[in-house]
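**Student:** sequence plus the predicted model coming up.
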Amino acid sequence: MKEWGKIIIAAVFEVGWVIGLKHADSALEWLATAAAIWASFHLLIVAGRTLPVGTAYAVFVGLGAAGTVIAEIILLGVPVNPAKLILIAVLLAGVVGLKAVTDQGGKKEWHGSH
């Protein structure tokens, strides 16, 4: 579960850098955006060493996308679009479902072409 926590935190940083790419105006805001990019991908890479990388990436992107839409509504005053919220709910259901059906066993190592 610790590795999935890293994916969740990585997705939070993803929300930060995605918003930063659009709204950063000062050197400090660009530095914070760059730090968020580094943190999100670092956590994704570290978690991907243990978790199935396809599922980890899908969860990371899904949570980041949903988080960005929600953050824009809450923090930036973007109007609420009910259809968008329904689609975000479907996306999150898919992310949760994908994680639920993913084998949590040990990671299989790749040893070249088989």
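**Tutor:** Nice, I can see it.

**Student:** now do the contacts for residue 91.
**Tutor:** Remark: with contacts taken as C-beta atoms under 8 Å, 6 or more residues apart in numbering, residue 91 is in contact with 62, 65-66. Backbone N, C-alpha and C define where each C-beta goes, glycine included.

**Student:** tell me which element it is part of?
**Tutor:** Take DSSP states H and E as the rule and residue 91 turns out to sit in helix 82-101.

**Student:** quick one: contacts for the residue nearest to residue 99 when sequence neighbours are not counted?
**Tutor:** Taking C-beta to C-beta, 6 or more residues apart in numbering, and ignoring the residues beside it in sequence, residue 99 has residue 59 as its nearest neighbour in space, at 5.7 Å. By C-beta under 8 Å, 6+ apart, residue 59 lies in contact with 4, 7, 11, 95, 98-99.

**Student:** re earlier: how far does the helix holding residue 91 sit from its chain's centre?
**Tutor:** For helix 82-101, the separation from the chain centroid amounts to 13 Å (computed by C-alpha atoms, centre = their mean, to the nearest Å).
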